[in-house]
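[1] Here's my sequence, what's the structure:
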Amino acid sequence: MKRIKDYLSGQPQQDVVVKGWVRTKRGNKNVAFIALNDGSTINNIQVVCDLQNFDEALMKQITTGACLCVSGDLVPSMGSGQAVEVQARSIEVYGTADPESYPLQKKGHSMEFLREIAHLRPRTNTFGAVLRIRHAMAFAIHKFFNDKGFYYLHTPLITASDAEGAGEMFQVTTLDLDNPPRTEDGKIDYSQDFFGRLTSLTVSGQLEGELGATALGSIYTFGPTFRAENSNTPRHLAEFWMVEPEMAFYDVNDLMDLEEEFIKYLVQYALDNCQDDLAFLNKMIDPELIERLKSVVSTEFVRLTYTEGIKILEASGQKFEFPVAWGVDLQSEHERYLVEKHFGKPVILTDYPKDIKAFYMKQNDDGKTVRGTDVLFPKIGEIIGGSEREASLEKLNRRIAELHMDTKNLWWYIDTRRFGTCPHSGFGLGFERLLLFVTGMSNIRDVIPFPRTPKTAEF
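    Okay, the predicted model is just below:
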């Protein structure tokens, strides 16, 4: 079945069938003009109805939000704005939409209001554009890695290990929460749970991804991850998607090369394949969007160490909400200063203090820093976090001991350093952070169909 996108880019023809939802209806006593959209494009197709050929009661059912099946001829358009339009011969109303209660009437709606009706917001122009771009970016991610010889590895969503060590995990259990079994000392007896142990939703597929890389060479994961972090900011979700490649035999420089190539590929793919949606968002949401996307593709990312970045921030004279000193974890305001005001281009920061980074990052010879990499973007701050991984069993064990980590759930990860350990690296890209950049949207809740945030699990 042809969709509206196909008809709009095609030639006039007889006997077409167009199906979609009414965006607007206007006209006079002789003719009605219906703007129909089926989600395949930001652009509507105009349906022209000679009212003497249609029953008045039928036309009254055709209001904003109604779903129609229109049969007629695709003819050259007499009006401006479209090359072709449908001259209707018959209309079937699949579903009506009461104009008194249908919330998406032709007027501006706030993003906050649209989040309250997330079951309907994909029908708006803005969210139709965002979701089409989301699809295009997901496809481009798979294409990029497939074309480079990576293997798509499905890592578990239910896990007994905390990859980040932060403890902000959603517990998974089948125990009776009103009366859970208990051990002799009164603690919950997880040996009677479904998996026989305490399990949670994953915060990252990285650790399992490393196992894949040490067997298949280069792998990537792409799936949902979960953080039970009570954070109500425009940059955080409790459920979000992560892209996590892991590569054997990559050092930190190979890693940074891949990070930059990957981001530029995705942005260029959007520019090449999402022109109409980007043009709409550039007009309605962010007038600098397309220019910013093009600048990322055409510029070489700055690479500097964390220590150099701190010196720049300290010498800036800028008054930050969070004070800057060597050893602090950079905040979004610091990252954006480096990207937007100092360099005017994306930045890859490296060699972070080991005390603010995860246990698995490769330690530098100075004993103070690790080979971590963060890619910082305008408007977003950190968009990618990665590192060369610690390949030394001795150093990994020492770092785990320093952090007083419980190793009983990590024995298999540590084991890989005993049997054929190798240099390897990887990174994580927050898919929704990427979409914020590519769409120009300002709140991460508006680039995922059904956002999950503290106290919000509607739809």
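[2] pLDDT score assigned to the residue nearest to I444 when sequence neighbours are not counted?
    Excluding its sequence neighbours, the residue lying closest to I444 (CB to CB, 6 or more residues apart in numbering) is E432, at 5.0 Å. To be clear about C-beta, it is placed using only N, CA and C from the backbone, and glycine gets the same treatment. Looking at E432, its pLDDT is 97.
[3] Could you look up the SS state of E432?
    The assignment at E432 comes out as helix when based on DSSP: H, G, I helix; E, B strand; the rest coil.
[4] give me every residue that touches it.
    For E432, the contact set (CB atoms under 8 Å, 6 or more residues apart in numbering) comprises 237, 240-241, 444, 447-448.
[5] What strands line up against the longest strand along the chain, and which way round?
    As assigned by DSSP state E, the longest strand anywhere in the chain is strand 13-27. In the sheet, strand 13-27 lines up against strand 31-37 (antiparallel), strand 67-76 (antiparallel) (DSSP bridges).
[6] quick one: E85 is in a strand?
    Yes: counting by three-state DSSP, E85 is located in a strand.
[7] Count the neighbours of it for me.
    Applying other CB atoms under 10 Å, we find 24 residues neighbouring E85.
[8] again with G72
    Applying other CB under 10 Å, we find 20 residues neighbouring G72.
[9] hang on, it packs against Q87?
    Yes: counting by CB atoms under 8 Å, G72 sits close enough to Q87 to count as a contact (5.0 Å).
[10] Who are the contact partners of the closest residue to V324 other than its chain neighbours?
    Among residues not flanking V324 along the chain, L313 sits closest, at 4.5 Å (CB to CB, 6+ apart). Applying CB under 8 Å, 6+ apart to L313 gives the contacts 320, 324, 334, 337-338.
[11] Reformat those as a markdown table; add secondary structure, neighbour count and distance to G128.
    Output for the contacts of L313, formatted as a markdown table (DSSP: H, G, I helix; E, B strand; the rest coil; neighbours: other CB atoms under 10 Å; distance: CB to CB, whole Å):
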| residue | secondary structure | neighbour count | distance to G128 |
| --- | --- | --- | --- |
| F320 | coil | 12 | 38 |
| V324 | coil | 19 | 42 |
| H334 | helix | 25 | 36 |
| Y337 | helix | 22 | 35 |
| L338 | helix | 24 | 35 |
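[12] for the record, mean pLDDT for stretch 321-331?
    95.
[13] Which of the residues in it are classified as buried?
    Neighbour-count burial for stretch 321-331 flags 324, 330-331 (criterion: 16 or more other CB atoms under 10 Å).
[14] Export those residues to TSV and append columns for distance to I34.
    Formatted as TSV, those follow (distance: CB to CB, whole Å):
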residue	distance to I34
V324	58
L330	53
Q331	50
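[15] Of these, which is the nearest to V16?
    Q331 (55.1 Å; CB to CB).
[16] Looks like the closest one contacts F322 (just checking).
    Yes: under the criterion of CB under 8 Å, Q331 makes contact with F322 at 4.7 Å.
[17] and for stretch 263-280, what are the contacting residues?
    41-43, 125-126, 128-130, 132-133, 136-137, 140-141, 143-144, 289-290, 293-294, 296-297, 346, 375, 383-384, 434, 437-438.
[18] Sketch out the low-pLDDT regions of the chain for me.
    The model of the chain has pLDDT under 70 over residues 164-167.
[19] Provide the secondary structure category for the residue in the chain sticking out farthest from the centre.
    Relative to the centre of the chain, the most outlying C-alpha is that of Q52, 49.2 Å out, by CA atoms, centre = their mean. Three-state call for Q52 (three-state DSSP): helix.
[20] which residues are contacting stretch 285-297?
    Contacts for stretch 285-297 (CB under 8 Å, 6+ apart): 126, 263-264, 267-268, 270-271, 278-279, 281-282, 345-346, 377-379, 437-441.
[21] Alpha carbons only: can I get it in CSV?
    Extracted as CSV, the C-alpha positions of stretch 285-297 are listed here (Å, rounded to 0.1, in the frame of the first residue of the first chain):
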residue,chain,number,x,y,z
ILE,A,285,12.0,24.5,17.5
ASP,A,286,15.6,25.6,17.0
PRO,A,287,16.6,28.0,14.3
GLU,A,288,20.3,27.1,14.6
LEU,A,289,19.7,23.3,14.3
ILE,A,290,20.8,22.6,10.7
GLU,A,291,23.7,25.0,10.9
ARG,A,292,24.9,23.3,14.1
LEU,A,293,24.6,19.8,12.6
LYS,A,294,26.6,20.8,9.6
SER,A,295,29.3,22.3,11.7
VAL,A,296,29.8,19.1,13.6
VAL,A,297,30.3,17.1,10.4
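[22] Okay, buried residues for that stretch please.
    Buried residues in stretch 285-297, counted by 16+ other CB under 10 Å: 285-286, 289-290, 292-293, 296.
[23] What is the burial count for F170?
    With other CB under 10 Å as criterion, F170 counts 14.
[24] Isn't it up against T199?
    No: F170 is not in contact with T199 according to CB under 8 Å; the separation is 10.1 Å.
[25] ok, so what distance separates the residue nearest to F450 when sequence neighbours are not counted from R227?
    Closest residue to F450 apart from its sequence neighbours, by CB to CB, 6+ apart: F459 at 4.6 Å. For F459, the distance to R227 equals 20 Å [CB to CB, to the nearest Å].
[26] out of these two, which sits in the busier spot?
    R227 (21 against 13).
[27] what's that one sitting at in phi/psi?
    Note on R227: its backbone torsions stand at phi -130, psi 120 [degrees, to the nearest 10].
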